[in-house]
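**Q** Next input, structure requested:
(one chain, ligands or ions: 1)
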Amino acid sequence: MHTERTIREIPFGAMGGVYAEDDIDAVMSVVQAAARPGGSFFPLPEETDFQNAFADHEGAARAIAVNSCGTALDLCMMALGVGPGDEVITTPLTFVCTATCAIARGARVVFADIDPATLCLDPHAVRQRITEKTKVILPVHFAGLAADCDGFDAIADETGIPIIYDAAHAVSTRYKDRPVGGRGKASCYSFQSNKNMTTLGEGGAVTTNDEEFAEIVRQKKTFGYVYGPELRVVTVGFNYRLTKVQCAVGLTQLAKIDEVIARRLEAFRHMQRMLEGVEEIIRPAGIEAGHGCHLYVVRLDTDKVTFDRAALLHVLKNKYKVGCAIHYPALWSWEVLAQLGYSERAADCPIAAKACRQVFSLPLFPHTTAEDCEYIAWAIKQSLVEAGK
Ligand SMILES: Cc1ncc(COP(=O)(O)O)c(C=O)c1O
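**A** Below is the predicted model:
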């Protein structure tokens, strides 16, 4: 088939938020104030203001700002005392640090399967994997779609096992019309560059309704300090702080997050319409159900084609210049996990194993236009025909 459109380049962008004058002004005013005599980069009051605003936005009593979602997860594992002999149950379809946060503490990761519609960890599958060693359950709000929070609450109520959500994709995600940040024991957010909001490239937060847990996380993020008439160090801690400048930008990013999500949602909706009826492509679920619209992840329905995802993406990327990313290869396929004995066979999660071979993310961001969506959909249809030749 001959192409009837001009080839354009649509890269998979590294910037998920929107930066504007307000963010630049926030940076400048912090730097200018710090540079005056007596000034400093000590993070208050921006840190407190940002934490309060973020907790409020995500429906939690407390937020603790940290320098990444990876460190947020590490802190939660440490605060819960995860260690050798423990098992942490999670999904195979996630970024590597959802598992390595537990492995780093000496625990073993146990994989449970995902829901084939939402691609999130399935509470029914988790129940089959619980043992007396299960220390934590770690679901991911995959791509911005909420995991089954009620299902996980029921498990926590019955077993007492804490739920820590990986909410890296979930700034503004809603479950049953409420933000997800107050669910479970805690949630770990990311403000890294391609996320829904970003604090100058890196950043994260832990949200929780548990004051005692919040205090342990707060101490551990800052060398175990307890402030008072005398500074005390009460636990082993680290320096995982977000800087004053980043906290100030967190506030400006948060002020426009609803507008950013609305733009993302518009692009997601348009792409859903553009791909309607393309039977080789499985579109994402839950777009109208509080989806945070972080990643637009489609699946190549490998039961309906004679080629694999690599063949399709080869044409899509090289001929039609549409940048795609894979979120994610199955966790057991990373060398670090394979070397520790994790494997597809041992994990025994057939739904996730299949999904990990089918998924790819299209370049949808707040700046994506209807025209971009139309081009991407056209390029996918062309590539489906050509990959099969
Ligand atoms: C699901 C998931 N968890 C955790 C992280 C780690 O986030 P950060 O880069 O803020 O450490 C990411 C980053 O992309 C992610 O996608």
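**Q** Get me the contact residues on the chain for the ligand.
**A** Neighbours of the ligand within the chain, by C-beta under 6 Å from any ligand atom: 68-70, 94-95, 97-98, 140, 166, 168-169, 190, 192, 204. In short, each C-beta sits where N, CA and C put it, glycine included.
**Q** With neighbour count, distance to residue 350 and pLDDT added, can I get these in CSV?
**A** Formatted as CSV, those follow (neighbours: other C-beta atoms under 10 Å; distance: C-beta to C-beta, whole Å; pLDDT from 0 to 100):
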residue, neighbour count, distance to residue 350, pLDDT
68, 22, 32, 98
69, 28, 28, 98
70, 23, 29, 98
94, 25, 17, 98
95, 18, 21, 98
97, 21, 24, 98
98, 27, 20, 98
140, 25, 19, 98
166, 28, 22, 99
168, 29, 25, 98
169, 27, 24, 98
190, 31, 29, 98
192, 18, 31, 97
204, 26, 32, 98
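**Q** Export those as CSV, with columns for secondary structure.
**A** Below are the residues of the chain next to the ligand laid out as CSV (DSSP: H, G, I helix; E, B strand; the rest coil):
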residue, secondary structure
68, coil
69, helix
70, helix
94, coil
95, coil
97, helix
98, helix
140, strand
166, strand
168, coil
169, coil
190, strand
192, coil
204, strand
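**Q** pLDDT score for residue 87?
**A** pLDDT, residue 87: 98.
**Q** Please read the previous query as pertaining to residue 13.
**A** 84.
**Q** Nearest spatial neighbour of it, chain-adjacent residues omitted?
**A** residue 365 (5.1 Å; C-beta to C-beta, 6 or more residues apart in numbering).
**Q** quick one: the one you found is in a strand?
**A** No. If the criterion is three-state DSSP, then residue 365 is coil and not within a strand.
**Q** what's near enough to touch the closest residue to the ligand within the stretch 201-350 of the chain?
**A** For the stretch 201-350 of the chain, the residue closest to the ligand is residue 204, as judged by C-beta to the nearest ligand atom, at 4.8 Å. Neighbouring residues of residue 204 by C-beta atoms under 8 Å, 6 or more residues apart in numbering: 65-72, 168, 188-192, 242.
**Q** with those in mind, which one is nearest to residue 9?
**A** Using C-beta to C-beta, residue 192 comes nearest to residue 9 of the contacts of residue 204, at 23.9 Å.
**Q** per-residue pLDDT, the closest residue to the closest one other than its chain neighbours?
**A** Leaving out its chain neighbours, the residue that sits closest to residue 192 by C-beta to C-beta, 6+ apart is residue 202, at 5.7 Å. On the pLDDT scale, residue 202 is placed at 98.
**Q** The one 5 residues further on too?
**A** Residue-level confidence at residue 207 comes out at 99, pLDDT.
**Q** and it, how far is that from residue 213?
**A** Distance, residue 207 to residue 213, using C-beta to C-beta, to the nearest Å: 11 Å.
**Q** Who has more neighbours out of those two?
**A** Shown here are residue 207 and residue 213; by other C-beta atoms under 10 Å, residue 207 has more neighbours (30 against 20).
**Q** part of a strand, is that one?
**A** Yes. Assessed by three-state DSSP, residue 207 belongs to a strand.
**Q** Tell me who's in contact with it.
**A** 54-55, 58, 60, 62-64, 167, 181-182, 186-187, 189.
**Q** do residue 143 as well
**A** Counting by C-beta under 8 Å, 6+ apart, residue 143 makes contact with 119, 169, 284, 291, 294-297, 327, 361.
**Q** okay, now the residue nearest to it when sequence neighbours are not counted: neighbour count?
**A** Closest residue to residue 143 apart from its sequence neighbours, by C-beta to C-beta, 6+ apart: residue 295 at 4.1 Å. For residue 295, the count of nearby residues is 23 (other C-beta under 10 Å).
**Q** Good, wrapping up.
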